[in-house]
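In: sequence? don't have it. structure:
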């Protein structure tokens, strides 16, 4: 399996010459193999408290949220295309306003709001908003959406792909490959 993953990444790197492809792994052996093929790697520390999810969540009022966002940008603690889901409210009696930002490698930018279409998909929470941004973002060639059962992964992927094939004409075909789960 390692060799198949590395072959796929190597082929992508050869085709997408302007895109910096990095392998994110826990496996030191995989890191060595990738290095021999001339690929960049990011090794994940086994002692990290929390597994990498592709997003971080922050909570607070406007000032607290702004300070946390500045801290991310100042210390460059985010990875490229990592999301920040912001839960903001001004007093304890209000519900949180939830929105997501994406780190593009230089700064935090707003997520893409899909324009009106015949195939609307509306996010129900922050992670779904991140997934929609990921699916509609043409600058991100490889997309991986992870989550528990019923979190909307397949629905968001299929509906956004259907929208881009049938109504927007971005792609010609939709091919769905799914693992048979008993």
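Out: That came through, no problem. Small disclaimer: the values here were computed from a predicted structure and weren't measured.

In: can you pull out the helices in the protein?
Out: 2-15, 28-36, 62-75, 126-136, 153-162 (DSSP state H).

In: For the second one, list every residue counted as buried.
Out: Pointing back at helix 28-36 there. 30, 31, 33, 34 (16 or more other C-beta atoms under 10 Å). Every C-beta, even on glycine, is put in place using the N, C-alpha and C of the backbone.

In: For those, which two are the farthest from each other?
Out: Of all pairs drawn from those, the greatest distance, 7.4 Å, lies between 31 and 33 (C-beta to C-beta).

In: Surely residue 82 touches residue 55?
Out: Yes. Residue 82 is within contact range of residue 55, at 6.5 Å (criterion: C-beta atoms under 8 Å).

In: Kindly indicate which of the buried residues of helix 28-36 lies nearest residue 106.
Out: For the buried residues of helix 28-36, the nearest to residue 106 is residue 34 (24.9 Å; C-beta to C-beta).

In: For this structure, which residues score under the pLDDT cut-off?
Out: Residues of the chain meeting the criterion pLDDT under 70: 43-50, 116-119, 182.

In: if we can go back for a sec, can you redo the helices of the chain as a markdown table with distance to residue 109?
Out: Listed next are the helices of the chain as a markdown table, based on distance: least, C-beta to C-beta, whole Å:
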| stretch | distance to residue 109 |
| --- | --- |
| helix 2-15 | 24 |
| helix 28-36 | 29 |
| helix 62-75 | 11 |
| helix 126-136 | 10 |
| helix 153-162 | 19 |
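
In: Among those, which comes closest to residue 169?
Out: Among these, helix 153-162 sits nearest to residue 169 (C-beta to C-beta), with 12.3 Å.

In: where's residue 3 relative to residue 72, distance?
Out: 36 Å (C-beta to C-beta, to the nearest Å).
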